[in-house]
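In: I would like the atomic coordinates for the input below:
(one chain, ligands or ions: 2)
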Amino acid sequence: MKFLSIEESNSHELESLLHLAAEMKSTRGMTSNQPLAGQTWAIIFTKASTRTRVSFEVGIRELGGNVMFLSGNDIQLGRGEPIKDTARVLGRMVHGAVIRTFDQEDVEDFYSYSGIPTINALTDKEHPCQILADLLTIREKLGTWESKKVVFVGDGNNNMSRSWMWAAKYLGFEFVVAAPKSCLPPQDFMDHLDAPNVALTTDPAAAAKNADVINTDVWLSMGQEGQDEKEALFGNYEVNENLLSHCAPNHIVLHCLPAYRGKEISEETLEAHANTIFQQAENRLHAQKAVLATLVE
Ligand code: CP
Ligand code: NVA
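Out: Ligands and ions are numbered 1, 2, ... in the order given. Take a look at the predicted model:
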């Protein structure tokens, strides 16, 4: 009844969601299966979004449901009404909720107090739906992640990096995070993760050596705007043709988007890998339809 993090997931759940996502992708527009028929879902976002909002709105409709978008600024939540009260009201009216916000605790509290299926559409802690789309893209492009080296270059302590590390733990592929020292995940997180196949480095070229997948994300996540000192740490961490020269042949580049060219990725590299990166964006729709259908089973 909830999909709030990769941490709380497991290899079986990830595999079955990805299997369903691939099936839904291949049968899109050709099936009358509408598991959300008669339902209304709320999409509650207190942060900006293009891909997540559109893919959930389209996905819910394609599965037969109605959808209402609630911007955090427009509902009483934005004026200080507690999440637990918002959850108890919506839980009596809508059938499910997709939430993008800052604190992971808020999506957990929403689920506990509303009692309706709840999906994390990004918090400061995790971005689990994005990781499903990314894994689907790796499978489509490389066939498998088994025996592959997957690298994340950027803010190693952000939502994307953390969700990736949990996916690596459960699925067993080699995963390396390359980040400035102060942007590596802290030791207590690594102890908690307890994954021998996840390594950290401050050297992006060493990380990229023989890599099959290079993955990056914005240096400053939503809510960190204006942190110029943090941004200045990432001078050597641009994903560009020079960095990719260390990778394995047939490597792919992933970016969850939005991309800031000339910062975390060069224009040339983004455009050279646009086919993969926009396939990755499209896969949000298919992956999330699998999550929605599974939660209402
Ligand atoms: N990748 C992603 O979540 O994009 P949006 O912020 O546009 O939803
Ligand atoms: N780490 C980024 C992901 C954006 C999709 C952020 O939280 O802003």
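In: in the stretch 151-297 of the chain, which spans are helices?
Out: For the stretch 151-297 of the chain, the helices defined by DSSP state H, counting those that start in this stretch occupy 159-171, 187-193, 204-208, 228-232, 241-244, 267-272, 274-295.
In: need the residues of this protein near ligand 1, please.
Out: Applying Cβ under 6 Å from any ligand atom, one finds that the chain approaches ligand 1 through Ser49, Thr50, Arg51, Thr52, Leu122, Gln130, Cys256, Leu257, Pro258. (Each C-beta comes from the backbone N, C-alpha and C, glycine too.)
In: let's see the ChimeraX selection covering just the buried ones among those.
Out: Burial among the residues of the chain next to ligand 1 is assessed by 16 or more other Cβ atoms under 10 Å; the matching ChimeraX selection reads:
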select :49,51,52,122,130,256,257
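In: got JSON lines for the residues of the chain next to ligand 1, with distance to ligand 2 and pLDDT too?
Out: Formatted as JSON lines, the residues of the chain next to ligand 1 follow (distance: Cβ to the nearest ligand atom, whole Å; pLDDT from 0 to 100):
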{"residue": "Ser49", "distance to ligand 2": "8", "pLDDT": "98"}
{"residue": "Thr50", "distance to ligand 2": "9", "pLDDT": "98"}
{"residue": "Arg51", "distance to ligand 2": "8", "pLDDT": "98"}
{"residue": "Thr52", "distance to ligand 2": "7", "pLDDT": "98"}
{"residue": "Leu122", "distance to ligand 2": "6", "pLDDT": "98"}
{"residue": "Gln130", "distance to ligand 2": "6", "pLDDT": "99"}
{"residue": "Cys256", "distance to ligand 2": "5", "pLDDT": "98"}
{"residue": "Leu257", "distance to ligand 2": "7", "pLDDT": "98"}
{"residue": "Pro258", "distance to ligand 2": "7", "pLDDT": "98"}
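In: just give me the closest of the residues of the chain next to ligand 1 to Asn275.
Out: Ranked by distance to Asn275 (Cβ to Cβ), the residues of the chain next to ligand 1 are led by Leu257 at 13.8 Å.
In: what residues are up against the residue nearest the centre of the chain?
Out: Nearest residue to the geometric centre of the chain (Cα atoms, centre = their mean): Gln130, 2.4 Å. Applying Cβ atoms under 8 Å, 6 or more residues apart in numbering to Gln130 gives the contacts Thr52, Leu122, Met160, Ser163, Cys256, Arg284.
In: could you pull out the strands for this protein?
Out: With DSSP state E as the criterion, the chain has strands at 2-3, 40-45, 66-71, 96-100, 118-120, 149-153, 174-178, 198-201, 213-216, 252-255.
In: same list, the ones you listed, but as TSV with mean pLDDT and mean neighbour count please.
Out: Formatted as TSV, the strands of the chain follow (pLDDT from 0 to 100; neighbours: other Cβ atoms under 10 Å):
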stretch	mean pLDDT	mean neighbour count
strand 2-3	98	22
strand 40-45	98	22
strand 66-71	98	16
strand 96-100	98	25
strand 118-120	98	27
strand 149-153	98	26
strand 174-178	98	24
strand 198-201	98	18
strand 213-216	98	26
strand 252-255	98	25
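In: need the phi and psi values for Asn210.
Out: Reported as degrees, to the nearest 10, the phi and psi values for Asn210 are phi 60, psi 20.
In: contacts only, for it.
Out: Residues counted as contacts of Asn210 (Cβ under 8 Å, 6+ apart) are Lys149, His246, Cys247, Ala248.
In: and the gap between it and Leu257?
Out: Asn210 sits 26 Å away from Leu257, going by Cβ to Cβ, to the nearest Å.
In: now Ala21
Out: Applying Cβ to Cβ, the value for Ala21 to Leu257 is 18 Å.
In: ditto for Trp41
Out: In this view, Trp41 and Leu257 are 23 Å apart by Cβ to Cβ.
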